[in-house]
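Participant: Provide a 3D model corresponding to the input given below.
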Amino acid sequence: MKVSRKTWCIHSVVVAFFVIAPISTVFAVTTKPTSSTTTKKSSPQHVSAKKQQPQLQSRVPFDVAIWIPYWRKEEGASSTLQHLDKVTQISPFAYELQLDGSIKDALKATEEPWTTLITEARKKNVKIYPSILSYPKNQTEKQAQLDLLSNKKRRQAHVKEIVVLVKVNKFDGIDIDYEAKLAEAKPHFSAFLTELSAALKKEKKQLICTVEPRTPPDARYATTSKEVLSKVEYANDYKVIGKVCDQVRIMTYDQIGDDLQLVYQNRNAGNLYRPVADIEWVEKVATLALRDIPSRKIILGVATYGYKYEIVPASATTSIRYPRIGSMNFFYADELARNLGITPTRNIAGELSYVYSTSTDIYGGYVGGMKQYLIWYSDSVAIAQKVRLAKLYKLGGVSVFKIDGGHDPNVWNVIK
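Facilitator: Numbering: from 1, shown residues only. Purely as a prediction, here's the structure:
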């Protein structure tokens, strides 16, 4: 997944001096249907600019998977144990692929709270698919990842290590989340997944593949032409992935600026626009994936978090910019809104957002003048939209990133 898979949340405090920005002048009203709910009496009553969509009849089965990050495993496991009837799959996140090709147990999978969670999950026939994460951060690490995948002997040894990991721990399968690959890795990654799939099938285990979202080129780029399209390269072969993986989880979040068509459309309309996952973009990604991957195998990724940005206004030579300050989950975003006396708005993307201004940082220190900040995040209403979309397109289900105690508690009521 993108670098935000390890999102560390900012603890919010009341600023010493602030000015509330005129929200109504910042976000355009949209007529896309939705509704707004909250489970906290003390939470602000979120303003919804969308109407409720009619409930769609889902086909059976419709999987609900969740990722629980190891850095918030106690909170994530505790919340999940109370709602095991709402999920069909749990992915402890994550084992980590090292530069030498070995697998690090960052989870500490044989310790609490995993042992109790897994035991209780099995009683309810909830499948366990731990994730193995590979996210190279620079060219050296990308090359190390490529070297592992392209060397047949090392690749096959890696496959064997994964199969042993699954068998020893009696997992139902594994979730492969190898991201940020070089384009040259495409045939080698395909070979790896093909070999791993065959090896797991012999043991009656399943292969779950988590992949980056693919924005259609005509939406991703400012201009498209044969020349532009000829330079587009992908590290993931969707056709192979759709064939050998039992399920394909598409990370339809962290959109940010991936869809320039929507970026320019909203900029021209005068809207602030920094979505986690605009429902319109999610639909574009899903429909493109359906060309190569069977609908029953596609699992739509949905996010429970968001980000805080500084708003740098446009100048005579530059467009408006949004330097990212840090991550912001639902709990902290909602708490900050209450402390500031702000009511978050249901924005053009179907998510929540608000703007505030301050002359101090979170520690009360002076920042050198008044600065304006944008808080943009996902909640249960935004997630419910994605669930309805997945059912509308008869997809295999949804996968929630992440359940960590900081998510909107009402998420449990909308994901099934």
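Participant: could you export stretch 287-298 as CSV, CA atoms only?
Facilitator: Extracted in CSV, the C-alpha atoms of stretch 287-298 (Å, rounded to 0.1, in the frame of the first residue of the first chain):
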residue,chain,number,x,y,z
THR,A,287,-14.6,-0.4,-13.4
LEU,A,288,-11.1,-0.3,-14.9
ALA,A,289,-10.0,-3.3,-12.7
LEU,A,290,-13.1,-5.3,-13.8
ARG,A,291,-11.7,-5.4,-17.4
ASP,A,292,-9.0,-7.9,-16.1
ILE,A,293,-10.1,-9.3,-12.8
PRO,A,294,-13.3,-11.3,-12.2
SER,A,295,-15.8,-9.2,-10.1
ARG,A,296,-16.2,-12.0,-7.5
LYS,A,297,-12.4,-11.7,-6.8
ILE,A,298,-12.2,-8.0,-6.3
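Participant: now do it: everything it contacts.
Facilitator: Contacts with stretch 287-298, where a contact means Cβ atoms under 8 Å, 6 or more residues apart in numbering, come from 214-216, 238-239, 241-242, 245-248, 250, 286, 393-396. For glycine as for every other residue, the C-beta is placed from the backbone atoms N, C-alpha and C.
Participant: after whichever strand or helix holds D175, next one along is what?
Facilitator: Assessed by DSSP states H and E, D175 sits inside strand 173-178. Beyond strand 173-178 in the direction of the C-terminus, DSSP H and E gives the next helix or strand as helix 186-202.
Participant: which ones among the contacts of stretch 287-298 lie within helices?
Facilitator: Y238, K239, I241, G242, A286 (DSSP state H).
Participant: measure the residue lying closest to the fourth one once chain neighbours are set aside to V211 for me?
Facilitator: When you say that, I think you mean G242. Leaving aside its chain neighbours, G242 sits nearest to I293 (3.5 Å; criterion: Cβ to Cβ, 6 or more residues apart in numbering). Distance of I293 to V211, computed by Cβ to Cβ, to the nearest Å: 9 Å.
Participant: who touches both of the two?
Facilitator: With Cβ under 8 Å, 6+ apart as the test, I293 and V211 both reach Y238, I241, V248.
Participant: neighbouring contacts of stretch 68-87?
Facilitator: Contacts of stretch 68-87 (Cβ under 8 Å, 6+ apart): 6, 8, 64-66, 90-94, 106-108, 113-114, 116-117, 120-121, 124, 126, 402-407, 409, 412, 415-416.
Participant: buried ones in that stretch?
Facilitator: 68-70, 72-73, 75-77, 79-80, 83-84, 86-87 (16 or more other Cβ atoms under 10 Å).
Participant: identify the farthest-apart pair in those.
Facilitator: Using Cβ to Cβ, the pair of the buried residues of stretch 68-87 lying farthest apart is Y70 and K86, separated by 21.4 Å.
Participant: after the helix-or-strand element of the chain with minimal mean pLDDT comes which helix or strand?
Facilitator: Least confident helix or strand of the chain, by mean pLDDT, DSSP states H and E, is helix 23-26 with a mean of 33. Where DSSP H and E defines the elements, the next helix or strand beyond helix 23-26 is strand 63-69.
Participant: what mean pLDDT does that next one have?
Facilitator: In this model, strand 63-69 has a mean pLDDT of 98.
Participant: got it, and stretch 345-365?
Facilitator: 90.
Participant: starting at the chain centroid, how far to it?
Facilitator: 21 Å (Cα atoms, centre = their mean, to the nearest Å).
Participant: buried sites along it?
Facilitator: In stretch 345-365, the ones that count as buried by 16+ other Cβ under 10 Å are 345-356, 358-360, 362.
Participant: pull up the distance across that stretch, start to finish.
Facilitator: 28 Å (Cα to Cα, to the nearest Å).
Participant: and what of stretch 123-142?
Facilitator: 40 Å.
Participant: could you pull out the buried residues of it?
Facilitator: For stretch 123-142, by 16+ other Cβ under 10 Å, it's V126, K127, I128, Y129, P130, S131, I132, L133, S134, Y135, P136, K142.
Participant: the helix or strand encompassing R267 packs against which elements?
Facilitator: Using DSSP H and E, R267 maps to helix 260-268. In this structure, helix 260-268 makes packing contacts with helix 217-220, judged by 3 or more Cβ pairs under 8 Å, 6 or more residues apart in numbering; DSSP states H and E.
Participant: again, 10 Å this time
Facilitator: The elements that helix 260-268 packs onto, with contact taken as 3 or more Cβ pairs under 10 Å, 6 or more residues apart in numbering; DSSP states H and E, are helix 217-220, helix 279-289.
Participant: what's the first helix or strand after the longest one?
Facilitator: Scanning the chain past helix 279-289 towards its C-terminal end, the next helix or strand to appear is strand 298-303 (assignment: DSSP H and E).
Participant: quick check: neighbours of that next one in the sheet, parallel or antiparallel?
Facilitator: Note on strand 298-303: by DSSP bridges, its sheet partners are strand 247-250 (parallel), strand 397-401 (parallel).
Participant: mind checking how far the longest one is from the chain centre?
Facilitator: When you say that, I think you mean strand 397-401. Distance, centroid of strand 397-401 to centroid of chain: 9 Å (Cα atoms, centre = their mean).
Participant: flag every buried residue along it.
Facilitator: G397, V398, S399, V400, F401.
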